[in-house]
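# I would like the atomic coordinates for the input below:
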Amino acid sequence: MLVTEAAPALKSETGCVSAQAGIKSILLHVHDDSHLEHRLQAALSIARACTAHLQLLHVVPIEAYTFVDAYGGMNLSAQLVEALEDQARTVQASVQERLRNEDVSWDYQSATSPLAAAVIGHASLADLVIVGREHSAPDFGLGGSYLINRLIAESRTPILIPGDQVPIAEFDWPAVIAWNGSVEAANAVRGAIGLLKLAPKVKVVRFVESKPAQFPNTQLLEYLSRHGIHADFDERQIIYSPAADIVAYARSKGCAYLVMGGYSHSRAGEFLFGGVTRDLLRECPVSIVTMH
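Numbering: from 1, shown residues only. Next up is the predicted model:
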């Protein structure tokens, strides 16, 4: 089901329509958890700043109500289907009522589908995807980072994960790029360029590693400069761990969000040996913008 509502284009104080960077379509995954309002506020804030359209997608996942019987057959629970779809309608009514008072254009779609496939499919024509960590109930058989990991691996759209503590509601805070010279970090910067253009100040931090960078620091700074972003570069030594040190640096600079590459090596390697992406996706006080 699709519900659409438009809002007039936002104008600046001079009366000209805002033409901020390239974010014009934002996909928000709607999931009924304690952080839904937080994610919605982030989406609305970015939509206003960029005069972007907000797409809201609520998926009733097929994984939630299929089960395997003793003979290996797949079955559906009709009662559970009905309960989940009733819940979806309640959430939709609440969110739509909330949005009717907002000055952004939006549409709301609901679907019964495999969770990750639906979100990845809709993300293919979005400039930014906003998802939360509490995106699936444990009884769905999906781990806490299931959807985010699938998006990083299979989508080519930048992903915003709002922070656990620091909101991304305003853009008068600096942004921090966690740079390690990898292709993944370069992709994340390129995907986040629309947001970075809104930041009053951009900091690039690199924590020294033993492996050589695929892209030199100067090349990143030149790329940002061509987009009108004049960033400060900071190189640090690792004190505790890369993930902990990145978070500490971001918080010390009062940043609104952190831009970082997703999984610089295989997800299996991250799982077995640990990794910055895995640690920060599990929990992070500031918001993350990431891509693989």
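# Would you map out the domains in the protein?
Annotated domains of the chain cover 2-161, 175-291 [automatic domain parsing].
# Give me the mean pLDDT for the first one.
Just to be clear, that refers to domain 2-161. Average pLDDT, domain 2-161: 80.
# The closest residue to residue 128 other than its chain neighbours: neighbour count?
Computed as Cβ to Cβ, 6 or more residues apart in numbering, the closest residue to residue 128 that is not its neighbour in sequence is residue 26, at 5.0 Å. Heads up, the C-betas are built off the backbone N, CA and C, glycines and all. A count of nearby residues for residue 26, using other Cβ atoms under 10 Å, gives 24.
# for residue 26, what are its contacts?
Residues counted as contacts of residue 26 (Cβ atoms under 8 Å, 6 or more residues apart in numbering) are 43, 46-47, 52-55, 126-130.
# For the stretch 1-150 of the chain, which segments count as helices?
Under the criterion DSSP state H, counting those that start in this stretch, helices of the stretch 1-150 of the chain are mapped to 36-50, 78-99, 115-123, 146-154.
# The first one - contacts with which helices or strands?
This points to helix 36-50. Secondary-structure packing of helix 36-50 (3 or more Cβ pairs under 8 Å, 6 or more residues apart in numbering; DSSP states H and E): strand 25-30, strand 53-61, helix 78-99, strand 128-130.
# doesn't residue 259 fall inside a strand?
Yes - assignment of residue 259 by DSSP: H, G, I helix; E, B strand; the rest coil places it within a strand.
# That one contacts residue 186, correct?
No - between residue 259 and residue 186 there is no contact under Cβ atoms under 8 Å: 10.8 Å.
# The two: who's more crowded?
Counted by other Cβ under 10 Å, residue 259 and residue 186 do not tie: residue 259 has more neighbours, with 28 against 19.
# Please tell me the pLDDT value assigned to that one.
pLDDT, residue 259: 95.
# So it versus residue 93, what's the distance?
Noted for residue 259: a distance of 35 Å to residue 93, by Cβ to Cβ, to the nearest Å.
# and what of residue 281?
When distance is defined by Cβ to Cβ, residue 281 is 31 Å away from residue 93.
# circling back to that earlier point, ok, the residue nearest to residue 128 to residue 217 distance?
Relative to residue 217, residue 26 is positioned 31 Å away (Cβ to Cβ).
# do the same with residue 208
Applying Cβ to Cβ, the value for residue 208 to residue 217 is 11 Å.
# Find residues that contact each of these two.
Joint contacts of residue 208 and residue 217 (Cβ under 8 Å, 6+ apart) are residue 235.
# So between these two, which is more surrounded?
More crowded of residue 208 and residue 217, by other Cβ under 10 Å: residue 217, with 14 against 9.
# what are the phi and psi angles of the more buried one?
The phi and psi values for residue 217, taken as degrees, to the nearest 10, are phi -60, psi -40.
# which SSE is the closest residue to it other than its chain neighbours in?
Setting aside the residues directly before and after it, residue 217 is nearest to residue 233 in space (Cβ to Cβ, 6+ apart), at 5.9 Å. Under the criterion of DSSP states H and E, residue 233 resides in strand 232-236.
# what comes into contact with that strand?
Contacts for strand 232-236 (Cβ under 8 Å, 6+ apart): 201-208, 217, 221, 245, 249.
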